[in-house]
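Chemist: Fold the following, please.
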Amino acid sequence: MTTPRSSTLEARVNAGLDAFRSDGVYKTLNHISSPQDARVIMEGRGEVIILSSNNYLGLSNHPEVVAAGKRGLDEFGAGTASVRFICGTFTVHRELELACARLVGTEAALTFVSCWNANEALPATVLTDRDIILSDQLNHASIIDGLRLAKSITKCQTGVFRHGDYADLDAKLDAAGDREVKLVVSDGVFSMEGSIVDLPALLEVCRRHDAILWLDDSHATGVLGSGGRGTAEHFGLIGEVDLITSTLGKALGGAAGGFVAGSAAVCDFLTQRARPQLFTNALPATVAASAMAAIEVLEREPERVATLRDNARWFRGRLQDLGFRPLPGDTPIVPVILGETAAAIRMSELLLEEGVFVTGFGFPVVPQGEARVRCQLSAAHSRQDLEEALAAFERVGQALHLT
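Modeler: This is a model prediction of the structure:
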């Protein structure tokens, strides 16, 4: 074992770690020794109910998804061992991209090793210094970093409009009338609130200004719409969103990967020029195969989406009955507002002691005074799982004088 040399860097990071601990924001990794599911085995704690996973459809450990991953490994090996245009691309990648495009209702799709990579690749590749991109104030960090990268590389203009304020967006688009391409980006489902974008209103503003709409549907794919096809299906607008990015690491198997979906020309241009595509190995074949199987299960069993929605609605209502203040909504993201960061962190710690794993978030992740524990429901949760979790919430709420 190498002993770290004393240096300015070591002193700086150790001081930073000490500050994280004293501020109550230090993150501890909890190690799980079983597949992701409604209940898992956590080292040092035994069986724990999971209310903090994006395994929305319960497909992470689905037998068909696991078997497909094994077949992918057997058929193609561990990976491409280089980038796709240099060494060749596996046929399973092409099949997965066709499945992704079919699911979200676009002409084509291109996969990346993560949706973070997809969100970095898209604006930095297609925009120029003659263009502008405007982002909702509450968009995911990957979109924020994607805009920063695009501005640095392409010198495009960037801007932010107030969350859900389409009058503000309208004014900013009006002021950008000289821009050649106007690109607007929003989450479909905002991950910290569980709220859904007003897609009809957003589309109306974009169409009025001939702006291109890009939607990150990571928390909507497999979740919204009767068939789990995302935000566009939820509003009856399949085919109306110009560009969609989403993940394979949440509802669609939960392993890894993401994609850009749009026109065949855009996806081809990304293949030619997107640096995260050109200089990174393709998805491991086992991940591509398992994600494709997850899409096939979703298409065959849309009732999983209905079960997920029923679980979320029932759980949110029961929390209210217990005296908590979950944010209203129609998604499986159920944030319980507690106020101060210390209260959220303490509640998550006590819930884990009660056998329920749910994460607390405070400032600066969420606004000051709006700290919360964020519950995330799954179609895999039984009513017994949720009853036991609610009983733990009741005990902890009483202990902390929250209810």
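
Chemist: where does the protein have low pLDDT?
Modeler: Across the chain, the stretches falling below the confidence threshold (pLDDT under 70) are 1-5.

Chemist: How about the backbone phi and psi for residue 157?
Modeler: When quoted as degrees, to the nearest 10, the phi and psi of residue 157 stand at phi -80, psi 150.

Chemist: neighbours around the closest residue to it other than its chain neighbours, how many?
Modeler: With Cβ to Cβ, 6 or more residues apart in numbering as the measure, residue 132 is the residue that lies nearest to residue 157, at 4.0 Å, once sequence neighbours are left out. The C-beta positions use only the backbone N, C-alpha and C, and glycine is treated the same way. If you count neighbours by other Cβ atoms under 10 Å, residue 132 ends up with 21.

Chemist: Please compute how far stretch 127-139 lies from its chain's middle.
Modeler: 20 Å (Cα atoms, centre = their mean, to the nearest Å).

Chemist: Buried residues, it. List them.
Modeler: 127, 131, 132, 133, 134, 135, 136, 138, 139 (16 or more other Cβ atoms under 10 Å).

Chemist: could you dump these to CSV with distance to residue 306 and secondary structure?
Modeler: What follows is the buried residues of stretch 127-139, written out as CSV (distance: Cβ to Cβ, whole Å; DSSP: H, G, I helix; E, B strand; the rest coil):
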residue, distance to residue 306, secondary structure
127, 39, coil
131, 41, coil
132, 40, strand
133, 36, strand
134, 35, strand
135, 32, strand
136, 28, strand
138, 28, coil
139, 28, coil
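
Chemist: pretty sure the residue nearest to residue 157 contacts residue 160?
Modeler: No: in this structure, residue 132 is not within contact of residue 160 by Cβ atoms under 8 Å, at 11.6 Å.

Chemist: mind listing the helices in the stretch 301-403 of the chain by residue range?
Modeler: 303-321, 341-353, 383-399 (DSSP state H, counting those that start in this stretch).

Chemist: Quick one: residues in contact with the second one.
Modeler: If I follow you right, that is helix 341-353. For helix 341-353, contacts defined as Cβ atoms under 8 Å, 6 or more residues apart in numbering pick out 24-25, 30, 45, 48, 338, 357-363, 371-373, 392-393, 396-397, 399-400, 402.

Chemist: sorry, back to before: distance of the residue nearest to residue 157 from residue 253?
Modeler: Residue 132 is 36 Å from residue 253, where distance means Cβ to Cβ, to the nearest Å.

Chemist: same deal with residue 311?
Modeler: Noted for residue 311: a distance of 19 Å to residue 253, by Cβ to Cβ.

Chemist: Between the two, point out the one with more neighbours.
Modeler: The neighbour comparison of residue 311 against residue 253 (other Cβ under 10 Å) goes to residue 253, with 32 against 22.

Chemist: tell me the SS of that one?
Modeler: Here residue 253 is coil, with the state taken from DSSP: H, G, I helix; E, B strand; the rest coil.

Chemist: Surely it and residue 293 touch.
Modeler: Yes: in this structure, residue 253 is within contact of residue 293 by Cβ under 8 Å, at 7.3 Å.

Chemist: Find residues that contact each of these two.
Modeler: Overlap between the contact sets of residue 253 and residue 293, as judged by Cβ under 8 Å, 6+ apart, is given by residue 65.

Chemist: In stretch 280-293, which residues are buried?
Modeler: By 16+ other Cβ under 10 Å, the buried positions in stretch 280-293 come out as 280, 282-293.

Chemist: Including secondary structure, could these go into JSON lines?
Modeler: Converted to JSON lines, these look like this (three-state DSSP):
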{"residue": "280", "secondary structure": "coil"}
{"residue": "282", "secondary structure": "coil"}
{"residue": "283", "secondary structure": "coil"}
{"residue": "284", "secondary structure": "coil"}
{"residue": "285", "secondary structure": "helix"}
{"residue": "286", "secondary structure": "helix"}
{"residue": "287", "secondary structure": "helix"}
{"residue": "288", "secondary structure": "helix"}
{"residue": "289", "secondary structure": "helix"}
{"residue": "290", "secondary structure": "helix"}
{"residue": "291", "secondary structure": "helix"}
{"residue": "292", "secondary structure": "helix"}
{"residue": "293", "secondary structure": "helix"}
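
Chemist: Endpoints of stretch 217-224, how far apart?
Modeler: 9 Å (Cα to Cα, to the nearest Å).

Chemist: what's in contact with it?
Modeler: 54, 56-57, 103-104, 115, 140, 187-191, 196, 228-234, 244-247, 250-252, 258, 298, 305, 308, 331-333.

Chemist: gap between stretch 80-95 and the chain center?
Modeler: Remark: stretch 80-95 is offset 25 Å from the chain centroid, using Cα atoms, centre = their mean.

Chemist: Quick check: buried residues in it?
Modeler: In stretch 80-95, the ones that count as buried by 16+ other Cβ under 10 Å are 80, 84, 89, 90, 92, 93.
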